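J.: Pasted the sequence and its predicted model underneath.
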Amino acid sequence: MKTKRSAAFWLVLLGGFFTPAILCLIYMVYIEKLAPAYSEPKFWIKWYLNGWESMAYLLLPMGIVLATSLIAQLEYKNNAWKQVLTTPQSLSTVFVAKYTVVLFMMFQLFVLFTIGMYFAGALPAWYYGHVPYPKGPFPWQRIVQMSTSFYITSLPILALQYFLSVYFKNFMVSLGAGILMVTAAITALSWRYVYLVPYSYGGVHFMQLQGRMRFKSNVLDIHYLALIYFAGFTLLAYLLYLTKKEKG
């Protein structure tokens, strides 16, 4: 209920539809690109990946940094942590409840993005009657698999940003650290040991799907690494939250 009246809610809504809207506008303006693109058998997969190019590298990590930082500020801004902590709930319940809200908000962003990409790809064909609709059905199963993969690669960012936003009262600490890490992750994409930078996993996964990785690594699959980082950051956040003297 609180998030619906917060900037975090509008950030998720805007983040989900921003890239699809831009791509749709480009195709609506440059009509000559429609017919060749729609005639490709794997149009929908290429279209979906095209949308992920900007999302994986920058927009999604930055969106997570901002949204997660804003969630904790709902309580700090209104000086409501004391009210929350005086309710008949354990600290674990409070921690997990707010954490679940952040995870669900990111899930909402992925759902909105997928729906937006579908309508952004279909709208030009509906608007211009002389342009044939893309060949083949929309590959929902493959799209869901790809979305799940990107969701997993985003979990380390969410976990660490949640820790920073809950542990530090100052909004600029979590925001500044997040921006710094996202910038470092983009810079590290050409580094052989980029797998050590969890904020880069979305970009790494996109490059793998596109066959752009210039080197191969013998480390674990990027998704297993993401889950390991996610579990580690979550455990760290939980333990430090329980032992923090001043929680509100």
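T.: Arrived safely.
J.: for Lys245, helix, strand, or coil?
T.: coil (DSSP: H, G, I helix; E, B strand; the rest coil).
J.: count of residues packed around it?
T.: When neighbours are counted by other CB atoms under 10 Å, Lys245 registers 4. Using the backbone N, CA and C atoms, a C-beta is placed for each residue, glycine as well.
J.: Please tell me how far it sits from Pro20.
T.: 45 Å (CB to CB, to the nearest Å).
J.: Equivalent analysis for Gln108, please.
T.: Distance of Gln108 to Pro20, given as CB to CB: 15 Å.
J.: So between these two, which is more surrounded?
T.: Pro20 (24 against 16).
J.: was I right about that one contacting Trp52?
T.: No: contact criterion CB atoms under 8 Å: Pro20 and Trp52 do not qualify, at 11.0 Å.
J.: next helix or strand past the helix or strand of the chain with the lowest mean pLDDT?
T.: Least confident element among the helices and strands of the chain, by mean pLDDT, DSSP states H and E: helix 81-86 (a mean of 66). Sequence order places helix 91-127 as the next helix or strand after helix 81-86, per DSSP states H and E.
J.: Now do that following helix: which elements does it pack against?
T.: helix 7-29, helix 34-38, helix 43-54, helix 60-77, helix 81-86, helix 140-167, helix 222-243 (3 or more CB pairs under 8 Å, 6 or more residues apart in numbering; DSSP states H and E).
J.: Out of those helices, which gets the lowest mean score?
T.: The weakest mean pLDDT among the helices and strands packed on helix 91-127 belongs to helix 81-86, with a mean of 66.
J.: Which residue lies nearest the spatial centre of the chain?
T.: By CA atoms, centre = their mean, the mean C-alpha position of the chain lies nearest to Leu60, the distance being 3.9 Å.
J.: Just list the residues touching it, thanks.
T.: Gly15, Leu109, Phe150, Ser154, Gly202 (CB atoms under 8 Å, 6 or more residues apart in numbering).
J.: ok, so of those, who is nearest Leu196?
T.: In terms of CB to CB, no member of the contacts of Leu60 lies closer to Leu196 than Gly202, at 15.2 Å.
J.: in which helix or strand would I find the closest one?
T.: helix 201-210.
J.: And that helix, what does it pack against?
T.: By 3+ CB pairs under 8 Å, 6+ apart, helix 201-210 packs against helix 43-54, helix 140-167, helix 222-243.
J.: now the angle from that helix to helix 140-167?
T.: 160 degrees (axes from the mean of the first three to the mean of the last three CA atoms, to 10 degrees).
J.: List the buried residues in helix 201-210.
T.: Neighbour-count burial for helix 201-210, with 16 or more other CB atoms under 10 Å as criterion, is recorded at Tyr201, Gly202, Gly203, Val204, His205, Phe206, Met207, Leu209.
J.: Contacts for that helix, please.
T.: 49, 52-53, 55-57, 60-61, 146, 149-150, 153-154, 156, 185-186, 189, 194-195, 213, 222-223, 225-226.
J.: Could you identify the buried members of those?
T.: Buried among those (16+ other CB under 10 Å): 49, 52-53, 55-57, 60-61, 146, 149-150, 153-154, 156, 185-186, 189, 194-195, 222-223, 225-226.
J.: Let me know the secondary structure of the residue sitting furthest away from the middle of the chain.
T.: When distances are taken from the C-alpha mean of the chain, His130 lies farthest, 36.2 Å away, according to CA atoms, centre = their mean. Following three-state DSSP, the label given to His130 is coil.
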